[in-house]
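Peer 1: return atomic coordinates for the entry below.
(one chain, ligands or ions: 2)
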Amino acid sequence: MKRHKNGNKQYFTRMGSRKKVHAFVRVKPTDEFAHEMIKYGDDNKSIDIHLKKDTRRGVVNNQQTDWSFKLDGVLHDASQDLVYETVAKDVVAQALDGYNGTIMCYGQTGAGKTYTMTGATENYKHRGILPRALQQVFRMIEERPTHAITVRVSYLEIYNENLFDLLSTLPYVGPSVTPMTVVENPQGVFIKGLSVHLTSQEEDAFSLLFEGETNRIIASHTMNKNSSRSHCIFTIYMEAHSRTLSDEKYITSKINLVDLAGSERLGKSGSEGRVLKEATYINKSLSFLEQAIIALGDQKRDHIPFRQCKLTHALKDSLGGNCNMVLVTNIYGEAAQLEETLSSLRFASRMKLVTTEPAINEKYDAERMVKNLEKELTLLKQELAIHDSLTNRTFVTYDPMDEIQIAEINSQVRRYLDGTLDEIDIINLRQIQEVFNQFRVVLSQQEREVESALRRKYTLIDKNDFAAISAVQKAGLVDVDGHLVGEPDGQSFGLGVAPFSTKPGKKSKSKKTLKDQLSTSARKEGAGSPLSGKDLDAASTSKTQLVPSSRDGDVKDVLSRDRETSSIEPLPLDSPKEESRPPRPSTPPPKPVAFEDFKNERGSEINRIFKENKSILNERRKRASETTQRINAIKQEIDVTKEALNFQKSLREKQGEYENKGMMIIDEEEFLLILKLKDLKKQYRSEYQELRDLRAEIQYCQRLVDQCRHRLLMEFDIWYNESFIIPEDMQVALKLGGSIRPGMVPVNRLVSLGEDDQDKFSQLQQMVLPEGPDSISFYNAKVKTEQKHNYLKTMMGLQQTQRK
Ligand code: ADP
Ligand code: MG
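Peer 2: Residues are numbered from 1 along each chain as shown. Ligands and ions are numbered 1, 2, ... in the order given. Model (predicted):
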């Protein structure tokens, strides 16, 4: 899998395969080489350190006496020549092919970092990696006449978290006005304010190198800098364009040659004051470098802390990532330096865990691309002209359309949409695209018109705006559940309907709670159709709703839809049947109006229970959502803790890579993390349990709400039929038949009963009713089909007569 740890988004076209960072160790020649302590492996790749028991005390404070480090090469008594061949030659060669390269020297002060990197500037034979790399670059350029390759260099020093341009003294650069900063852009990281110098030949490049070296020394005197405490980064930038003009691709690369500050630990020299400040800085930036290296070596880590200091930030796209990377660890071979040597070798073995994915930085030359495309375009236009003249299409033009042409297409589209234009002639691709474009324009215009029309007529309320909803509820526009309620004044309907309340103003005092409901609902299990419930709830799941200023549609729709699934179990209603009714109106009132009255009067009890259940349901839902949020937060914390724990663990594992493997000892930080994780997991489990319980409760409440709603509508239907539809004399006749309430019988059946039907019905009554309530489902099934077909028809007929 491809993994860009440093987030450098260059446009790689050819990905290389993964490869490990190469880590070498270079031992500084000394007459006091500790032969009994330091041993090299036969392969010249491993270095073993052995410590006698008696010398242990005070040198290192753990139990180990033997260490073994496996690296890519041990450079002992190696000439500068050999070092270059081993360490740098390939990296530089590959840079000319477009691969970035980084070579770093790490080690304690005096161990030979600068000697390795820059070398002795006064002696050609002892020159270091830097001048040799420049030489190789220019040699290779000479060998590639097919390409125009430019070379630029820069020389940066980082001292006490400040950036210095070691080449700013050149006459044409001038002192920078603003302090330099590390800047990231999609192409990578660069230092704003750092001078970059074009060099066309080896000699120029050397001059720049010497200039920088001189400045390094001068600065250490005049600015009182301790040069061993600064990091120096010499960068060679290359850009190779093919000399073949049609080739749009070009490659870029850079080589970073890094001479790090001394890695010796603070405290040894008893530093104070300025020196202490410097030492802390160095330790800090080197330990940030170490942290970044550890993170880069850990395949599980996605975030690499590059921005913690100037050094790692400046090297962000040169550590890991797509670079060829080499580390040279400089050590002393003397017994007195053993502690620092061990720490340097440890750094080297960490570096070895880092993998990189070297890739060519391939880019496209925009100018060349435009030129090539223009050529291609001219050719194609000529081709097209020939083609058109052969097919007699000379009237067609292919130029971009002007405003008038676009307006014409817009009008064509409009005429096409309203039907006055049958077809839009196709002329060319550009025109087809414009037609589609205008379709979009017209469509979005119409959408806006519709919306503003709706806004003029209705008030929009955000479903999540509880304050607004409750205000609307208070105004009586929406019921507790957020469902729409037809406004009582009902301008367009209800004329001449006398109020038919049986007990004006009476509201039931007996409050039925959810628990009371459970016992009854258990009996009525399965009575409600889940479909009808969903229909009603659809309104409450949408984000916004329309509150009509005068409208009956919603409720009526629901009523007619729900009608067909009604079951017929009666519910205790406020109004006893014996009570005298007011005179029946000549035309039945519209259902929505009647429904409002029903809810306030006879259906008030069930309506109240319905609302109560619904609010319990809403409360549970709210709690469930809160619990879910808590669970997510805990989960996140668990993840963070786990990651921290893994980091601690990997640190420990890396420290324990040596020969002596004792018992596993974990430090306090890791122990605390384990405790925290345990506690979090416990919390997680208990919250999760609560959520599960809540979910079960919600499911249960939902069913109750569905049932209640269903019954409210069903009772309303029965009541409505009895109050307005079924002739009173027929009701009397039906009542004689037994326990069935006349309103339960579908209206259309009653109203349209012919002679035969009536016979059938009385037969049915006799057959079915004596068997008691259980036979009702049979009855329901039998009439349901007819009901479905006839009911809507009848209702439509009824509504039409009402409107007249
Ligand atoms: P550092 O940069 O790590 O502080 P230097 O490169 O300045 O150390 O080395 C300190 C001294 O040791 C210098 O005088 C340098 O010439 C000498 N030196 C270091 N490494 C070697 C080596 N491999 N061969 C010869 N001299 C060396
Ligand atoms: Mg040095």
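
Peer 1: who are the contact partners of the one residue in the stretch 101-250 of the chain that gets nearest to ligand 1?
Peer 2: Of the residues in the stretch 101-250 of the chain, the one nearest ligand 1 is Gly112, at a distance of 2.8 Å by C-beta to the nearest ligand atom. The C-beta positions use only the backbone N, C-alpha and C, and glycine is treated the same way. Listed by C-beta atoms under 8 Å, 6 or more residues apart in numbering, the contact set of Gly112 reads Arg26, Lys28, Asn330.

Peer 1: again with Ile666
Peer 2: Gln648, Arg652, Ile674 are the contacts of Ile666 under C-beta under 8 Å, 6+ apart.

Peer 1: quick check: closest non-adjacent residue to the first one.
Peer 2: Excluding its sequence neighbours, the residue lying closest to Gln648 (C-beta to C-beta, 6 or more residues apart in numbering) is Glu670, at 4.2 Å.

Peer 1: what about that neighbour, which SS state?
Peer 2: Three-state call for Glu670 (DSSP: H, G, I helix; E, B strand; the rest coil): helix.

Peer 1: so it sits right up against Lys649, yeah?
Peer 2: Yes. Using C-beta atoms under 8 Å, Glu670 is in contact with Lys649, at 7.1 Å.

Peer 1: more neighbours: which of those two?
Peer 2: More crowded of Glu670 and Lys649, by other C-beta atoms under 10 Å: Glu670, with 17 against 13.

Peer 1: for the residue nearest to Gln648, give me the pLDDT.
Peer 2: What the model reports as pLDDT for Glu670 is 83.

Peer 1: ditto for Thr169
Peer 2: Listed pLDDT for Thr169 reads 84.

Peer 1: confirm it sits in a strand?
Peer 2: No. Secondary structure of Thr169 (three-state DSSP): coil, not part of a strand.

Peer 1: contact partners for it?
Peer 2: Thr169 makes contact with Glu211, Asn215, according to C-beta under 8 Å, 6+ apart.

Peer 1: got phi/psi on it?
Peer 2: phi -80, psi -10 (degrees, to the nearest 10).

Peer 1: from the contact counts, what lies against the one helix or strand Arg415 maps to?
Peer 2: Element membership for Arg415 (DSSP states H and E) is helix 403-418. With contacts taken as 3 or more C-beta pairs under 8 Å, 6 or more residues apart in numbering; DSSP states H and E, helix 403-418 sits against helix 429-457.

Peer 1: buried set for the helix holding Arg415?
Peer 2: Across helix 403-418, burial judged by 16 or more other C-beta atoms under 10 Å covers Ile409, Asn410, Gln412, Val413, Arg414, Tyr416.

Peer 1: and the contacts of Ile666, which are buried?
Peer 2: Neighbour counting over those (16+ other C-beta under 10 Å) leaves Gln648 as the buried ones.

Peer 1: closest to ligand 1 among the contacts of Ile666?
Peer 2: Arg652 (30.1 Å).

Peer 1: tell me where the stretch 251-400 of the chain has helices.
Peer 2: With DSSP state H, counting those that start in this stretch as the definition, the stretch 251-400 of the chain shows helices at residue ranges 273-297, 310-314, 338-351, 366-390.

Peer 1: thinking again about what came up before, tell me which entries of the contacts of Gly112 lie within strands.
Peer 2: Using DSSP state E, Arg26, Lys28, Asn330 are the members of these that sit in strands.

Peer 1: which strand residues bridge the last one?
Peer 2: In this entry, Asn330 is beta-bridged to Arg26, Gly107, by DSSP bridges.

Peer 1: for it, give its distance to Asp388.
Peer 2: The span separating Asn330 from Asp388 equals 74 Å under the rule C-beta to C-beta, to the nearest Å.

Peer 1: settle it for me: which of the two has more neighbours?
Peer 2: Between Asn330 and Asp388, Asn330 has the larger neighbour count (other C-beta under 10 Å), namely 28 against 16.

Peer 1: which residues touch that one?
Peer 2: The contact partners of Asn330, by C-beta under 8 Å, 6+ apart, come to Val25, Arg26, Lys28, Cys105, Tyr106, Gly107, Gln108, Ala111, Gly112, Lys113, Thr116, Ser344.

Peer 1: rerun that using 10 Å as the cut-off
Peer 2: Shown in contact with Asn330 (C-beta atoms under 10 Å, 6 or more residues apart in numbering): 24-28, 75, 105-117, 260, 262-263, 341, 344.

Peer 1: so what's Asp626 up against?
Peer 2: Heads up, residue 626 is Glu, not Asp. Leu691, Leu694.

Peer 1: pretty sure Phe33 contacts His76?
Peer 2: Yes. Using C-beta atoms under 10 Å, Phe33 is in contact with His76, at 8.9 Å.

Peer 1: mutual contacts of these two, please.
Peer 2: Shared contacts of Phe33 and His76 (C-beta under 10 Å, 6+ apart): Val27, Gly333.

Peer 1: may I see the buried residues of stretch 158-177?
Peer 2: By neighbour count on 16+ other C-beta under 10 Å, the buried set for stretch 158-177 is Ile158, Tyr159, Asn160, Leu163, Phe164, Asp165, Leu166, Leu167, Ser168, Thr169.

Peer 1: and which of the residues you listed is nearest to Gln80?
Peer 2: Leu166 (22.0 Å; C-beta to C-beta).

Peer 1: could you look up the SS state of Ser68?
Peer 2: When classified by three-state DSSP, Ser68 comes out as strand.

Peer 1: what's the answer for the one 10 residues further on, then?
Peer 2: Secondary structure state of Ala78, per three-state DSSP, is coil.

Peer 1: what's the answer for Lys649, then?
Peer 2: On the three-state scheme (three-state DSSP), Lys649 is labelled helix.

Peer 1: now do the same contact list for it.
Peer 2: Going by C-beta under 10 Å, 6+ apart, Lys649 touches Ile666, Glu670, Leu673.

Peer 1: also Cys105?
Peer 2: By C-beta under 10 Å, 6+ apart, the contact set of Cys105 is 24, 26, 87, 111-118, 128-129, 232, 257-260, 326-330.

Peer 1: hang on, the earlier thing: so what's the residue nearest to Gln648 up against?
Peer 2: Contacts of Glu670 were listed using C-beta under 10 Å, 6+ apart, and they are Ala644, Leu645, Phe647, Gln648, Lys649, Leu651, Arg652.

Peer 1: so how far is Leu417 from it?
Peer 2: Distance from Glu670 to Leu417, by C-beta to C-beta: 70 Å.

Peer 1: Leu373 now?
Peer 2: 38 Å.

Peer 1: ok, now Arg350?
Peer 2: 69 Å.

Peer 1: in strands, which of the buried residues of stretch 158-177 fall?
Peer 2: Secondary structure defined by DSSP E assigns Ile158, Tyr159, Leu163, Phe164, Asp165 of these to strands.

Peer 1: wait, the last one touches Ile158, no?
Peer 2: Spelled out, it's Asp165. No. Using C-beta under 10 Å, Asp165 and Ile158 do not qualify as a contacting pair, with a distance of 11.1 Å.

Peer 1: what do those two both touch?
Peer 2: Joint contacts of Asp165 and Ile158 (C-beta under 10 Å, 6+ apart) are Met180, Ile191.
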